[in-house]
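> model the following, please.
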Amino acid sequence: MKRVLVFATLLLLMQPGFSQIRWAAKAGGGPSWMAFPNVYMQDPTDANNTLQISPAATGGTFYVGAEALFPMGDHWGFRSELNFSYISGEVNVDVLIVKLQSRKLQSYTRLNIPLLFSVRSSDNFWASFGPVVFFNLHDNKGFESAFVDFGLDPSQYFDTDIPWGVQARLAVDIKLQEHLFLELKFDYDIGKYFKYENDLYHVRLAAQGVTGGITYLF
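Next up, the predicted model:
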């Protein structure tokens, strides 16, 4: 992995115009939600009850950060960013037989490092795509708290820790005026799952968000 990063850095340094780095500040927000399929599991305290776990209502996300744009020719660029974000979405847990329900907001506060390639179709329009490496700085454990409402200890049944991960991002930037751009983007966590191993349910929720924001290019 280190060799790949070194090679990528050297490749960037060799590109014409690399010294013409542009810096930007950005902020924005929009709707977000947790994506995962409906899951059915047996209530450990009652063999006659079945739990249904599913995404619920939409939450919200916002971000603030700084970005460096590295020109790589007339129409291409590489964008590296450092930002902080909050992203959330509700999770619903139903006990089907006795008709009990618990709905909680699951949220993460993250440090994000997008690594994007950009293509310019005109002076007023950029499209970008690539991975975003994220580190979860805070997890409110909303998923687990839904089970506490039923008198369960979630630590005995679930492993939901996600210290870091990768998102896929697709973004467009539309020029509003000199130095000022409207950014529209879609982010999707890669690698959601709900599986049973070593006497625990290992859960990875996939956060998704559609955001609009303002980018100021210095």
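> just checking, Tyr108 touches Gly142?
No - assessed by Cβ atoms under 8 Å, Tyr108 is found out of contact with Gly142, at 9.7 Å. The C-beta positions use only the backbone N, C-alpha and C, and glycine is treated the same way.
> more neighbours: these two, which one.
Tyr108 (25 against 21; other Cβ atoms under 10 Å).
> name the helix or strand for the residue nearest to Phe78 when sequence neighbours are not counted, please.
For Phe78, ignoring the flanking residues on the chain, the nearest one in space by Cβ to Cβ, 6 or more residues apart in numbering is Phe70 at 4.4 Å. If you go by DSSP states H and E, Phe70 is part of strand 50-71.
> what does Phe147 give?
Assigned by DSSP H and E, Phe147 belongs to helix 142-148.
> what sits against Leu137?
Leu137 makes contacts with 84, 109-111, as judged by Cβ atoms under 8 Å, 6 or more residues apart in numbering.
> what's the following helix or strand past the strand holding Phe70 packed up against?
Moving toward the C-terminus from strand 50-71, the next helix or strand (DSSP H and E) is strand 76-95. Strand 76-95 sits against strand 22-35, strand 50-71, strand 100-122, strand 125-139, helix 142-148, strand 206-217, with contacts defined as 3 or more Cβ pairs under 8 Å, 6 or more residues apart in numbering; DSSP states H and E.
> would JSON lines of those with distance to Leu184 and mean pLDDT be doable?
Converted to JSON lines, the helices and strands packed on strand 76-95 look like this (distance: least, Cβ to Cβ, whole Å; pLDDT from 0 to 100):
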{"stretch": "strand 22-35", "distance to Leu184": "9", "mean pLDDT": "94"}
{"stretch": "strand 50-71", "distance to Leu184": "13", "mean pLDDT": "88"}
{"stretch": "strand 100-122", "distance to Leu184": "14", "mean pLDDT": "90"}
{"stretch": "strand 125-139", "distance to Leu184": "10", "mean pLDDT": "94"}
{"stretch": "helix 142-148", "distance to Leu184": "27", "mean pLDDT": "87"}
{"stretch": "strand 206-217", "distance to Leu184": "5", "mean pLDDT": "94"}
